[in-house]
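Novice: Fold the stuff below for me.
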Amino acid sequence: MPEQLGGKCKNISGLTFCPVRQNIFILDQKRKIIFALNPDGTYSTAIDLNMAGPDKVSSPVSLAVDANDRIYVGDRGRGDIKTFSLQGAYLYSMRLPLSPTGKKQDMDPSAMTVLADG
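Specialist: From the prediction side, this is the model:
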């Protein structure tokens, strides 16, 4: 871990690589923060997922990045996948559609992959 992170990572639950920018992204589940590392492994930035509102991140468990600079965070607590820009701006959430009987379907996004074309 880069020196700048020190003891900041408390509970790593996601790790992914962005092939376009060559960055590594680390999801700290306990603190709800994504740390970004430069291609040489040095600290780049942190994205704070502790937002308020109806689409707040409850329990982040997985992480993916696509070729269009979008970060996907699997939120087990809310049963959805939230999408952010590389700057940390919330974009949208994805949920399963209602069942044929009109009930909410459970989703456990504990692992995910994004294809190269997004």
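Novice: what residue ranges in this structure score low on pLDDT?
Specialist: In the prediction, the chain carries residues with pLDDT under 70 at positions 1-10, 116-118.
Novice: what comes up buried for stretch 83-93?
Specialist: Across stretch 83-93, burial judged by 16 or more other Cβ atoms under 10 Å covers 83-84, 86, 88, 90. Every residue, glycine included, has its C-beta placed from N, CA and C.
Novice: so which of those residues comes closest to Asn38?
Specialist: Leu86 (12.7 Å; Cβ to Cβ).
Novice: quick one: the closest one and Asn68 touch, right?
Specialist: No - contact criterion Cβ atoms under 8 Å: Leu86 and Asn68 do not qualify, at 9.9 Å.
Novice: which stretches of the chain form strands?
Specialist: 12-18, 23-28, 33-37, 43-48, 60-65, 70-75, 80-85, 90-94 (DSSP state E).
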